[in-house]
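Student: give me the fold of what follows.
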Amino acid sequence: MSTYVDGRQEYGRPLSRFLVFGLAMIVVLGSLSARLFYMQVVSAGDYAALAEGNRSVVQAIPSSRGLIYDRNGVGLVTNIPTFVVKIRPADLPEESRDEVVARLSSLTGTPAADINAAIDGNPGSRFDLVRIAQDVPKETANLIAEAGFELPGVEVVVEARRQYATGPLLSQILGYTGPVSQDQLELLKPKGYLPDDILGKTGLEAYYEEQLRGVYGSETVERDASGRKLQVLDTISRGQAGDSLRLTIDTKEQVNAQKALQWGMKVAGLKRGVVIVMNPQTGEILAMVSLPTYDNNAFARGISVKDYTKLLNNKDKPLLNHAIAAHYPPGSTYKLVTGTGALSDRKITASTRVLTRPYLTLGQTRFYDWNHRGFGRCNIYCGFGHSSDTFFFQLAGMLGIDRLAYWAKDFGFGAKTGIDLPGEVTGIVPSNDWKLQKLGERIFPGEVYQAGIGQGYDVVTPIQLINAYAALANGGKLYQPQIVREIVGPDGNVVRKFAPILLHKLHAKKGVLATMRAAARSVLTLRHTYNLVDLPIVVAGKSGTAEFGTRDRQGRLPFHSWFVGFTPKDPHKKASDPDGLKALSKGDSQLVVLAFAYDSRTKGNAATEIVKYYLQLHYGIKHDYRNFNLLQRGNFYHSN
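Tutor: Below is the predicted model of the structure:
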């Protein structure tokens, strides 16, 4: 022990204490060095992968899809929030797939086969999410979200789903949305479409996809190694909601049209039918019904493969809009073309009388009038009013097939009308050139006769036929039919207003068209349509029955029935104009309506009775003029 100057004492430090302290320092420093070496060298790859996993990526922000309204502002299509279950195939271990799929199937009610089909049919890469269930209840969504590691690769997201307020009433017009397909994605990916995107599949949803979709925004997000979003780092652009559509459709008129068609189909036992209502002054479609139909909400919610297959296999084709996407022989309604052509080409005048016989003979073939008696000497009013076949056989023979085809095309037959709906077909107008190209030979004389009454090779769509009669009703203007009236921006301002689109003016003179309107009125005044003339309004039009298919054992063919009718601007009957001819001469009609009854085979013309019922509903006519007995079915041909 030592003593300092100030009296303090210093005690000696044993060597053993220095040795213990040094050993401890060596152990600590060695451990830190080893850990540092492990982190920097041995585990460098693992930490690099982790750093790579927690990365920032730029992703799209889907825009809000535009809404759809009828002409009066009634909401038809809206967006509602819904839970969607998706899966990232890359994060789903193959050995766990069956178990995960079975669990999801049990929770969502989606068949396991449908889930597997969605995964295997993924249009994107294995790292892209695939939707496997839509419109999932909140409770189910919570269960799936809480499952966590038990359902690897599965995510629950909130998306907007289309809600169709009227369901089947307007499905054929509105269409529906659905997941993008592989073929669609290849075309649309450059436009920003994503592998799990929803887009318009049919109807207006498809035709106006670009306007309804809007502009997607983008954001930078941080994702973990499994691809799950951790947080939003930055919003690059907010995007823009899609434009909305205001239609020409009047929901009230759509209801009336459907009610009339459903009644006629039920009473007559029909399987398919069409009703279209149009304003001939503008080409605006006020109503368009095609039955049978479907509920587009089923597609919005995510239709099962089983239910979709059932719709596809239905022989009456509920997914097809028969008003525009199917064509049929027009029958006697086509006599408008033959009569207009014969008058315009001066083969006859309004007063020319043609002898109508029970039949005409070409070679060994007899071409009968529908009543097998003929109507004696007829002018155009008599011939059109009674729908005499031998009258129009002779007019067609005078014209020849090529002039007949000319006038048919002038009325818009043989070409698409241009209506703003997808899937429209062209129909067929026969001519010598057409038959040479299709069959390598020219039209035979008997085929000219058949073409003159809307049989043989002639086929038209309901939208073409009503458009032709609209041109007659308005004084000679062939308009493009329209479904959308306005496109409205997200701010409520009109982006685009659709003015009537004139395709062309008919080449027939106004006097000829006035004569044909008077002839169309004679169809009613001669009671070819029974008591339709008794309605307290002025109606003109034409009925038609068109044979098709295979003859029965008695040699009789099944047939469709048609009726196209129009009213003047002021339709109410007046004592000063008992026949309504003055009102019809103005060409100021604002209403034309068509009905088509597929395979009707009824005692009377089913389509006429359907139009009659619609007119009663439209004009609020209290007295019921319907002839129920004329809708009795019968396996015989009763042409008109």
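Student: longest strand anywhere in the chain?
Tutor: In the chain, with assignment by DSSP state E, the single longest strand is strand 75-87.
Student: what residues sit buried inside it?
Tutor: Using 16 or more other Cβ atoms under 10 Å as the burial criterion, the residues of strand 75-87 that qualify are Leu76, Val77, Asn79, Thr82, Phe83, Val84, Val85, Lys86, Ile87. Backbone N, C-alpha and C define where each C-beta goes, glycine included.
Student: with stretch 403-423 instead?
Tutor: When neighbours are counted by 16+ other Cβ under 10 Å, the buried residues of stretch 403-423 are found to be 403-408, 410-414, 417-423.
Student: what does stretch 531-542 give?
Tutor: By neighbour count with 16+ other Cβ under 10 Å, stretch 531-542 contains the buried residues Leu532, Val533, Leu535, Ile537, Val538, Val539, Ala540, Gly541, Lys542.
Student: pull the CA atoms of that stretch into PDB?
Tutor: Coordinates of the C-alpha atoms in stretch 531-542 are reproduced here as PDB (Å, rounded to 0.1, in the frame of the first residue of the first chain):
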ATOM      1  CA  ASN A 531    -111.000  -3.900 -85.400                       C
ATOM      2  CA  LEU A 532    -107.700  -2.000 -85.100                       C
ATOM      3  CA  VAL A 533    -109.500   0.800 -87.100                       C
ATOM      4  CA  ASP A 534    -112.000   1.100 -84.300                       C
ATOM      5  CA  LEU A 535    -109.500   2.700 -81.900                       C
ATOM      6  CA  PRO A 536    -110.300   6.400 -81.300                       C
ATOM      7  CA  ILE A 537    -107.000   7.300 -82.900                       C
ATOM      8  CA  VAL A 538    -105.700   7.400 -86.500                       C
ATOM      9  CA  VAL A 539    -103.400   4.500 -87.200                       C
ATOM     10  CA  ALA A 540    -101.800   3.400 -90.500                       C
ATOM     11  CA  GLY A 541     -99.500   0.400 -91.000                       C
ATOM     12  CA  LYS A 542     -98.900  -3.000 -92.500                       C
END
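Student: just give me how far that stretch sits from the chain centre.
Tutor: Centre-to-centre, stretch 531-542 and its host chain are 32 Å apart (Cα atoms, centre = their mean, to the nearest Å).
Student: cool, stretch 595-607 as well?
Tutor: Here stretch 595-607 shows a centroid-to-chain-centroid distance of 25 Å under the convention Cα atoms, centre = their mean.
Student: do stretch 116-131 as well
Tutor: If you compare the mean C-alpha spot of stretch 116-131 with that of the full chain, they lie 27 Å apart, counting by Cα atoms, centre = their mean.
Student: which ones among the buried residues of stretch 531-542 map onto strands?
Tutor: Using DSSP E, the buried residues of stretch 531-542 in strands are Ala540, Gly541, Lys542.
Student: nearest to Asn629, of these?
Tutor: Each of these was checked against Asn629 using Cβ to Cβ; the closest is Gly541, at 21.4 Å.
Student: which strand residues sit across from the closest one in the sheet?
Tutor: As for beta bridges, Gly541 partners with Gly565 under DSSP bridges.
Student: OK, contacts around the closest residue to Asp197 other than its chain neighbours?
Tutor: What sits nearest to Asp197 in space, not counting adjacent residues and going by Cβ to Cβ, 6 or more residues apart in numbering, is Val180, at 4.6 Å. For Val180, the set of contacting residues under the criterion of Cβ atoms under 8 Å, 6 or more residues apart in numbering consists of Pro123, Leu188, Tyr193, Leu194, Pro195, Asp196, Asp197, Ile198, Leu199.
Student: between those, which sits nearest Leu503?
Tutor: Leu199 (29.9 Å).
Student: three-state assignment of the closest one?
Tutor: In terms of secondary structure, Leu199 is strand; the call rests on DSSP: H, G, I helix; E, B strand; the rest coil.
Student: now Thr333
Tutor: Thr333 is classified as helix under three-state DSSP.
Student: ok, the residue nearest to it when sequence neighbours are not counted - contacts?
Tutor: For Thr333, ignoring the flanking residues on the chain, the nearest one in space by Cβ to Cβ, 6+ apart is Gly544 at 3.8 Å. Gly544 makes contact with Pro330, Gly331, Ser332, Thr333, Tyr334, Lys335, Ser387, Gly454, Ser561, Trp562, Phe563, Asn640, according to Cβ under 8 Å, 6+ apart.
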